[in-house]
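1. The following block contains a protein sequence and its predicted model.
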Amino acid sequence: MTSENNIIISAEDLWKVYQLGKQEVNALREATFTIYQNEFVAIMGPSGSGKSTLMNIIGCLDTPTKGKYYLKKKLVSTLSDNELAFIRNREIGFVFQVFNLLPRATAFHNVEIPLIYKGARKKEREEKTKKALQMVEMTDRMNHRPSELSGGERQRVAIARALVNDPSLLLADEPTGNLDSKTGQEILSLFHKIHSEGNTIIIVTHDRDIAARAQRIIHLKDGRIIQDERKGGLT
């Protein structure tokens, strides 16, 4: 339902300006949009369109130069770095093109790490880690290290790690970029499964085929939102 109570993200006139010597670069301009709970959104655009800048702001990795960004009705665009880190750890699960797994740790331990940072007790960590690995169909490989896993399996472990804290938002940056097309389609199908279980997902991509799998596509060009296309599936 697209009601006020179901708003996850509200962005109002977001700008990001970088100073390069005497030149100002507007990486993001006038971005205004709302994302609701359980939406599956693709942010799409060519290199230099501003999608990575927008992703960093949405993910609380950066703050806008101007404008307001609310995450679950909390104004986060004015928070300190420490406050942003706290929000990231509890509200956002990240999936990157490079899997960012610890090479010497098992799949289980890689998924468990966010819970250790959170200070969860051992029993809770074990239960949540097993549940997350089960969701991505990696229970039988949980004692393997990344070097013993295929690219698709490593990305599944990375997705489980992103889900283990029960985040409000799953944010994926080119999640199939390092995978062959068949494995990429399997990972996209996994995202659809995760979405069907009530999760809000934003995928940042330059690939039209990947974006076409989402319910909604926000198109960026030269730092501006030029189209916000809903394809149904949301009432």
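-> Received it, and whenever you're ready, just let me know what you need.

2. Gln185 and Lys130, how far apart?
-> 26 Å (Cβ to Cβ, to the nearest Å). Placement of C-beta: from N, CA and C, glycine included.

3. which intervals of the protein have sub-threshold pLDDT?
-> 1-3, 232-235 (pLDDT under 70).

4. need the longest helix for this structure.
-> The longest helix of the chain (DSSP state H) is helix 181-196.

5. With just CA atoms, put stretch 187-198 into PDB.
-> The C-alpha coordinates for stretch 187-198 follow below in PDB (Å, rounded to 0.1, in the frame of the first residue of the first chain):
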ATOM      1  CA  ILE A 187      20.800 -14.100  -8.400                       C
ATOM      2  CA  LEU A 188      18.100 -11.800  -9.800                       C
ATOM      3  CA  SER A 189      15.600 -14.600  -9.200                       C
ATOM      4  CA  LEU A 190      16.900 -14.800  -5.600                       C
ATOM      5  CA  PHE A 191      16.200 -11.100  -5.200                       C
ATOM      6  CA  HIS A 192      12.600 -11.600  -6.400                       C
ATOM      7  CA  LYS A 193      12.300 -14.400  -3.800                       C
ATOM      8  CA  ILE A 194      13.600 -12.100  -1.100                       C
ATOM      9  CA  HIS A 195      11.200  -9.300  -2.300                       C
ATOM     10  CA  SER A 196       8.300 -11.700  -2.200                       C
ATOM     11  CA  GLU A 197       9.000 -12.200   1.500                       C
ATOM     12  CA  GLY A 198       8.300  -8.500   2.300                       C
END
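
6. Report the buried residues of stretch 21-39.
-> Under the neighbour-count criterion of 16 or more other Cβ atoms under 10 Å, stretch 21-39 has 26-29, 31, 33-39 buried.

7. ranges for the helices of the chain?
-> Secondary structure of the chain, counting by DSSP H: helices at 51-58, 81-91, 107-118, 122-135, 151-163, 181-196, 208-211.

8. For Lys74, give me its contacts.
-> Going by Cβ atoms under 8 Å, 6 or more residues apart in numbering, Lys74 touches Ile87.

9. Who is it paired with across the strands?
-> Beta bridges link Lys74 to Leu71, judged by DSSP bridges.

10. Please tell me how far it sits from Pro114.
-> Relative to Pro114, and taking Cβ to Cβ, Lys74 is found at 20 Å.

11. ok so, going back, can you name every helix or strand that the longest helix of the chain contacts?
-> strand 40-44, helix 151-163, strand 169-173, strand 201-205 (3 or more Cβ pairs under 8 Å, 6 or more residues apart in numbering; DSSP states H and E).

12. Give me the contact list for the second one.
-> When contacts are taken as Cβ under 8 Å, 6+ apart, the neighbours of helix 151-163 outside the stretch itself are 93-96, 99-101, 107, 110-111, 113-114, 129, 132-133, 135-138, 141, 144, 146, 149, 170, 172, 175-176, 178-180, 183, 186-187, 190-191, 194, 199.

13. Just the CA atoms of it, as PDB, please.
-> Only the C-alpha atoms of helix 151-163 are listed here, as PDB (Å, rounded to 0.1, in the frame of the first residue of the first chain):
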ATOM      1  CA  GLY A 151      31.000 -16.600  -7.900                       C
ATOM      2  CA  GLY A 152      27.300 -17.100  -7.700                       C
ATOM      3  CA  GLU A 153      27.700 -18.900  -4.300                       C
ATOM      4  CA  ARG A 154      29.900 -16.000  -3.000                       C
ATOM      5  CA  GLN A 155      27.200 -13.500  -4.000                       C
ATOM      6  CA  ARG A 156      24.600 -15.600  -2.200                       C
ATOM      7  CA  VAL A 157      26.700 -15.500   0.900                       C
ATOM      8  CA  ALA A 158      27.100 -11.700   0.500                       C
ATOM      9  CA  ILE A 159      23.300 -11.400   0.200                       C
ATOM     10  CA  ALA A 160      22.800 -13.500   3.300                       C
ATOM     11  CA  ARG A 161      25.200 -11.200   5.200                       C
ATOM     12  CA  ALA A 162      23.100  -8.200   4.000                       C
ATOM     13  CA  LEU A 163      19.900  -9.800   5.200                       C
END
